[in-house]
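A.B. asks: predicted model follows, preceded by the sequence.
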Amino acid sequence: MDVVEDIDILGDEALRTRVATWSAVSLAATLALVAVPLAAGVGEGLSLRWAVLLGVVSLAALPVHELVHALAAKALGPAGTKVSFGYQTGMLYTRMEGLVLPRARMTAVLLAPSVLVSTALLAVPWVLGAPCLGLALCGVHLSGCTGDIAMVAEISRHPEATHVRDTDCGIQLLAEPVRP
């Protein structure tokens, strides 16, 4: 297969800056959205306990996020798919070195935590009577998903790419060579 695009999420400074900007904007929007009902006295109210829960659960969600990537890769990849974990430049990551999947499957692997973890972070506090906390947890988590979302955006920008390869620094978009 031919390489259509090489996305280096760890080393491409311009891409990392865009991802960090999207993350900051998402986080600011979340805080503004949550502040409105809390300031109006709607919801569970802001307290030290609330703030500590937000911090602790948000941090605990980080390794869970990466575990969901790993489980999705194992479920959607071929038998024997190897998964490892790492940390670099302020980001935890899941590595599936060399794994090649059809674009739809890799998109599912990349978005699985954004959907599953964010939904759980929103739903559980809501059911427990803390809807503002759930909204804050969901938004904080989604603000940390911007790297995954950026890679999915790159996949969608290249319809000619039929497959995606995980690399040590991001992904490669692949296409079948054109035959004369």
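C.D. replies: Now that the structure is in, tell me what you want to look at.
A.B. asks: give me the most central residue, this protein.
C.D. replies: Centroid-nearest residue in the chain: residue 145, 2.9 Å away (criterion: CA atoms, centre = their mean).
A.B. asks: which phi and psi does that one have?
C.D. replies: Per-residue torsions, residue 145: phi -90, psi 0 (degrees, to the nearest 10).
A.B. asks: and the residue nearest to it when sequence neighbours are not counted, what element?
C.D. replies: The spatial neighbour of residue 145 that comes closest, neighbours along the chain excluded (CB to CB, 6 or more residues apart in numbering), is residue 114 at 4.3 Å. Every residue, glycine included, has its C-beta placed from N, CA and C. Assigned by DSSP states H and E, residue 114 belongs to helix 103-127.
A.B. asks: ditto for residue 139
C.D. replies: Element membership for residue 139 (DSSP H and E) is helix 131-143.
A.B. asks: in that helix, what's buried?
C.D. replies: 131-143 (16 or more other CB atoms under 10 Å).
A.B. asks: ok, stretch 17-32 next?
C.D. replies: 19, 22-23, 26-27, 30.
A.B. asks: what does stretch 162-176 give?
C.D. replies: 163-167, 169-175.
A.B. asks: can you check stretch 37-49 too?
C.D. replies: In stretch 37-49, the ones that count as buried by 16+ other CB under 10 Å are 38, 43-44, 46.
A.B. asks: can I get stretch 66-83 in CSV, CA atoms only?
C.D. replies: Extracted as CSV, the C-alpha positions of stretch 66-83 are listed here (Å, rounded to 0.1, in the frame of the first residue of the first chain):
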residue,chain,number,x,y,z
GLU,A,66,-6.3,4.5,26.9
LEU,A,67,-7.6,1.1,28.0
VAL,A,68,-10.7,1.6,25.9
HIS,A,69,-8.5,2.3,22.9
ALA,A,70,-6.6,-0.9,23.6
LEU,A,71,-9.8,-3.0,24.0
ALA,A,72,-11.2,-1.5,20.8
ALA,A,73,-8.0,-2.3,18.9
LYS,A,74,-8.1,-5.9,20.3
ALA,A,75,-11.7,-6.3,19.3
LEU,A,76,-11.4,-4.8,15.8
GLY,A,77,-7.9,-5.8,15.0
PRO,A,78,-6.7,-9.2,13.8
ALA,A,79,-5.9,-12.0,16.3
GLY,A,80,-2.7,-11.3,18.1
THR,A,81,-2.9,-7.5,17.9
LYS,A,82,-0.3,-6.2,20.3
VAL,A,83,-1.0,-3.2,22.4
